[in-house]
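In: dropping a prediction and its sequence here:
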Amino acid sequence: MNYTYFPGCSLEKNAACYDASTRAVAAQLGMQLTEVEDWNCCGATEYVSLNLTAAYSLIARNLAQASKNTSTHELVAPCSACYLNLRKCDKVLGQDPKFAGRVVQALAAGGLSYKPGTLHIRHLLDVLYQDVGLEALAAKVTKPLRGLRVAPYYGCMIVRPEFHDGGEDPEAPTSLDEILKALGADVVDYPLKAACCGGHMTQISEATGFDMIHRLVKSAADLNADLIATLCPMCQLNLDGFQGAMNRHFGSHFHMPVLYFTQLIGLAMGMSMREMGIGEEIVDARAALSRIGSEMAAEAAEPKRPRKDDKALPMPAPLKRA
Amino acid sequence: MTEEIRIGVYICHCGSNIAGTVDVEEVARWAGHLTNVISSRDYKFMCSSLGQEMIEKDIKEKGVNRVVVASCTPHLHELTYRNALARAGLNPYFFEMANIREQVSWVTTDRVEATKKAEALVAAAVSRVAWHEALEPLFVPIDPNVLIVGGGVAGIQAALEIADAGNHVYMVEREPSIGGHMAQLDKTFPTLDCSACILTPKMFNVGNHKNVTLMTWSEVEKVDGYIGNFTVTIRKRARYVDTGLCTGCGVCEEKCPKKVVDDVFEAGVGHRKVVYRPFPQAVPNYPVIDRPNCTFFQKGTCKACEKFCPTGAIKFDQQDEVLTVKVGNIILATGWDLFDARRIPQYGYGRIRNVFSSMEFERLSNAAGPTGGKIVMRDGVSVPKSVGIIHCVGSRDKHYNNYCSAICCMQSLKFAHLVHEKTGAQVHNFYIDIRTPAKAYDEFYQRVLDEGTIFIRGKVAEISDSPRTAEEEGKIIVQVDDSLAGRQRRIPLDMVVLSAGLEPRHDAKEVAIKFGISCSADRWFMEKHPKLDPVATMTDGVFVAGVCVGPKDIPASVAQGSAAAARVLSIIGQKEIQIDAATAIVNEESCVGCKECIPSCPYQAIEFLEDKRKAYVREALCKGCGTCVGTCLSKSISLRHFTDDQLVAEMIGAMTAMKMFEQAQTEVA
């Protein structure tokens, strides 16, 4: 399993633990990651709304650089915004030749070129779920996350509209749930799993941004989650970094740690908290993680057979997706 | 050909349907110069009585002995014109139709091109018709027995009409009992009469009618033949109950120790035993054993039902029975499936406990249902204080079904009324448009409005169990784009009912293929004509009724059941039916008796005459498909009305016209 790796700016600074845990986990799973040479910022969520040609040229430069690695066409990005931008740019260049012409010109000025469709651009979650697979992941688990209640949080950017090449429902994705279950975690049915964290809303309208963060944290707390597992540096920053400010705004006292899913994979594989960069987060996750292995089974175990006087009506079974 | 060929050509305007795109006068003028054409006319509506009289007059007065009409598709009016020829004393097969509507004016925008193509098609028809031969149609007797597939209200209605008229009906139903979806419902809109009370007498009549053979827990496997003479193979699945001995006492159900969730009749919200009748008024009243769930079939022990049956009717060694029946006509009334609301994950059905489907609600509200008619939440005890009813779930939505399911507005209004009446809860109805067009329907809407139901116009975005405010704690929150208030609203409720739409049966396509009919793009059975022949199909002798043709309510389904019965009775009354004379014929002089043609025939219409050592086509069975003609190595089979001479002439006619256009163009250049 050979991939070109696009870390993105966040993974150099605030999400450095995401980068470290991704690389460590990938090595354990036999994935070879070759970093894109001399990559640049993808423009995040803002630049595309300011100047389309410049924004896409910036992204296309990364595609051009990535396609220099001829040993694989698979380009993997752990950051949701990077993934979305790279994939969107590749698609737009292929569909709109007139616009693509301007981007090609910009690339040529720098002595670069990129043929749309050359790279298969994927998010890290997709690669771990489809290429590595649940079985291989579970086989590597040495310290299962038993007893840890995790809220799986996908955010809004990767799930719509064609994640896993259309195999995932944009409103009700399940791949992260399944991965966390394979690690032995107690996964809660998190209703806001695909809701937006607000992006940079805290910088535009603080009250709105805090409200969006509050919904997500409150819902996880309502469900007695020990922590939220995320896969996007933007989501992590909002939920973790702004949790204190949000608490002050609402007068609430939430303490909901937010970790990257790769950190949890690493822990389950027996790697240390330090290796996984745990402790770098603002809302300290260590107390929550101490619950791993604690026996919560008694609380979870419900009587299997309904009692004779149970009047409850049966529920429809979950829909099996083809 | 000794007689002189005198062809009349008639070009139809079809109002502006053809004349809007094709220069019909020019086509008529141009056709007048073609070989053997002695009369060429155009007329506004050739199919009208005046148009037909024009043709008849030319036959009688001008001695026209071959007729070409250029108009619509032969599906529509070939028979009309053949009859006109017959009335004027001419053999109806001396006729050819050029389709210049579906194949020209409706698919071409360029007037010059369209006119040329129309001329080429007319030239082809003129060239072909000169080679037509007089043919005599064949008459075959009609079997008065009728097959009805599906025992819902449409099938029941059709069965009773036909059986009461003295003809025998075979009714095949997949489930253990007839009754269909109507048997599951609580009240019917807008009159609110009890669904079972009005249906069960009809079910009883079907079950006890001397002219009805009822086969439930059965399916049609194969259909052979043609109108008047179908042979139908039916599989009666093993019930593991001897219906000759069973008295329907119900002791086996009482004693069976195993309960399972009933996904069919109870819509998943109630239970049934493994040996069961779907409901106490089932027709027939014999139970079936659900083999995959039966402890005896799984583990080899139990047999409680057998032990307690007072008449020894339980037969664990019973086998499926395959039988064939002969019928002259078939009515399909196979009904519908409920849209599976789990396909819209943001509505939470299957995840949020107190979100119910419309059919679940019907069972809750039904006095014979799992709660005895109490409208309660999933815990089976609590009565909701606020209920939301969502219209158009899976309907009028490009992600699922584009069509309107027709019944959901009235059904949702009925739900609102029942919730008010039984629980006093506050009811919110979330709708896109309210559609209440039939008799006394809108009055019912007014009544529900007066009862204080709150109507919110807008598409529901999400049904959430994630509260944001204290008011939302412990509630289900409906997030809706209120398009009259012009803003997003969040409405906390105790219980939500999804008015799921109607979908074609999951196996509608396979069933259509089995009976030789077709489905529309959204998989409903296709009627012969949506307005003028709504219960017939393109396959003679196969009729359709009820929701299998498209969404409709009970009154419309019953009307279609009666309509299909009337069509069938009219055919039975004719005693015999005319079969198209375009059948294959073997030239015995050149046939070498190789038998290659026999297996090639899809209708088993060819037999081998051992004495003459020649193949022979049985005309009554031949459908004129021409497969044998292509198979015959010695070119000894020809297809009447589609002979080589006729087809070659048709091609020459078209190509000569094309050549003329080409030359004319070169001259201009």
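Out: That came through, no problem.
In: just want the residue of the stretch 101-250 of chain A that's nearest chain B.
Out: Shortest the stretch 101-250 of chain A-to-chain B distance, computed as Cβ to the nearest Cβ: residue-wise this is A:Ala172, at 3.4 Å. The C-beta positions use only the backbone N, C-alpha and C, and glycine is treated the same way.
In: can you report how many residues lie near A:Gly293?
Out: Neighbour count for A:Gly293, taken as other Cβ atoms under 10 Å in any protein chain shown: 13.
In: hang on, I meant B:Gly151
Out: Under the criterion other Cβ under 10 Å, the count of neighbours that B:Gly151 has is 29.
In: check contacts around the closest residue in space to it that isn't next to it in sequence.
Out: Spatial nearest neighbour of B:Gly151, chain neighbours left out: B:Ile178 (3.0 Å); criterion: Cβ to Cβ, 6 or more residues apart in numbering or on different chains. Contact analysis of B:Ile178 by Cβ atoms under 8 Å, 6 or more residues apart in numbering or on different chains lists B:151-152, B:155-156, B:171, B:203, B:206-207, B:214, B:216, B:283.
In: rerun that using 7 Å as the cut-off
Out: B:151, B:156, B:203, B:206, B:216, B:283 (Cβ atoms under 7 Å, 6 or more residues apart in numbering or on different chains).
In: can you pull the pLDDT of the most centrally placed residue in chain B?
Out: Geometric centre of chain B, nearest residue: B:Phe525, 3.0 Å, by Cα atoms, centre = their mean. With respect to pLDDT, B:Phe525 has a value of 98.
In: the residue of the stretch 101-250 of chain A closest to chain B and B:Arg343 touch, don't they?
Out: No: with contact defined as Cβ atoms under 7 Å, A:Ala172 does not reach B:Arg343; the gap is 10.5 Å.
In: neighbour count: those two, which is higher?
Out: Comparing A:Ala172 with B:Arg343 by neighbour count (other Cβ under 10 Å), the higher total belongs to A:Ala172, at 21 against 17.
In: tell me the SS of the residue nearest to A:Leu63 when sequence neighbours are not counted?
Out: With sequence-adjacent residues excluded and distances taken as Cβ to Cβ, 6+ apart, A:Leu63 is closest to A:Tyr114, at 4.6 Å. With DSSP: H, G, I helix; E, B strand; the rest coil as the basis, A:Tyr114 sits in coil.
In: what about A:Tyr114, neighbour count?
Out: Using other Cβ under 10 Å, A:Tyr114 has 24 neighbouring residues.
In: that one and A:Ala64 touch, don't they?
Out: Yes: the criterion here is Cβ under 7 Å, and A:Tyr114 meets it with A:Ala64 at 4.1 Å.
In: which bits of chain A sit near chain B?
Out: A:169, A:171-172, A:189, A:191-192, A:215, A:219, A:311-319 (Cβ under 7 Å from any Cβ of the partner chain).
In: is it fair to say A:Lys181 lies in a strand?
Out: No: counting by three-state DSSP, A:Lys181 is not found in a strand; it is helix.
In: now the phi/psi pair for the spatially most central residue of chain A, please.
Out: Centre of chain A computed as the mean C-alpha position; nearest residue by Cα atoms, centre = their mean is A:Leu231, 1.7 Å away. Backbone torsions of A:Leu231, given as degrees, to the nearest 10, read phi -140, psi 20.
In: surely it touches A:Val127?
Out: No: using Cβ under 7 Å, A:Leu231 is not in contact with A:Val127, being 11.4 Å away.
In: what's the local residue count around A:Cys9?
Out: 17.
In: what residues are up against it?
Out: Contacts of A:Cys9 by Cβ under 7 Å, 6+ apart are A:Cys41.
In: let me know the secondary structure of B:His271.
Out: Classification of B:His271 using three-state DSSP returns strand.
In: how about the one 10 residues further on?
Out: Going by three-state DSSP, the secondary structure assigned to B:Gln281 is coil.
In: tally of neighbours for it?
Out: For B:Gln281, the neighbour count with other Cβ under 10 Å is 18.
In: and for the closest residue to it other than its chain neighbours, the neighbour number?
Out: Distances taken as Cβ to Cβ, 6+ apart place B:Thr200 nearest to B:Gln281, at 4.8 Å, with adjacent residues excluded. For B:Thr200, the count of nearby residues is 18 (other Cβ under 10 Å).
In: check the one 5 residues further on too.
Out: Other residues lying near B:Asn205 total 16 when counted by other Cβ under 10 Å.
In: again, but for A:Ser67
Out: Around A:Ser67 there are 18 other residues, counting by other Cβ under 10 Å.
In: for residue 271, which residues are in contact?
Out: Went with chain A since none was named. If you count contacts by Cβ under 7 Å, 6+ apart, A:Met271 has them with A:Ala24.
In: ah, I was thinking of chain B
Out: Residues counted as contacts of B:His271 (Cβ under 7 Å, 6+ apart) are B:259-262.
In: so B:Val322 sits in a helix?
Out: No: read with three-state DSSP, B:Val322 is strand and lies in no helix.
In: so the residue nearest to B:Gln281 is in which element?
Out: Using DSSP states H and E, B:Thr200 maps to helix B:195-208.
In: next: A:Ala64.
Out: Using DSSP H and E, A:Ala64 sits in helix A:52-66.
In: quick one: contacts of that helix?
Out: Under Cβ under 7 Å, 6+ apart, the answer for helix A:52-66 is A:4, A:6, A:36-40, A:42-43, A:47-48, A:75, A:85-86, A:89-90, A:92-93, A:102-103, A:106-107, A:110, A:112-114, A:119.
In: which ones are touching A:Ile121?
Out: Counting by Cβ under 7 Å, 6+ apart, A:Ile121 makes contact with A:75, A:83, A:86-87, A:90.
In: and whichever residue of the stretch 351-500 of chain B sits closest to chain A, what is it in contact with?
Out: Going by Cβ to the nearest Cβ, chain A is nearest to B:Gly380 of the stretch 351-500 of chain B, at 3.2 Å. By Cβ under 7 Å, 6+ apart, the contact set of B:Gly380 is A:311-313, B:371.
In: let me know the closest of those residues to B:Phe279.
Out: Closest approach to B:Phe279 among the contacts of B:Gly380 (Cβ to Cβ): B:Thr371, at 14.9 Å.
In: buried residues of stretch B:315-326, list them for me.
Out: For stretch B:315-326, burial by neighbour count (16 or more other Cβ atoms under 10 Å in any protein chain shown) applies to B:315, B:325.
In: I misspoke; the intended subject was stretch B:108-118.
Out: Counting neighbours by 16+ other Cβ under 10 Å, one finds that the buried residues in stretch B:108-118 are B:108, B:114-118.
In: got it, and stretch B:612-625?
Out: B:614-617, B:619-625.
In: now do the same end-to-end measure for it.
Out: The first and last residues of stretch B:612-625 sit 25 Å apart, counting by Cα to Cα, to the nearest Å.
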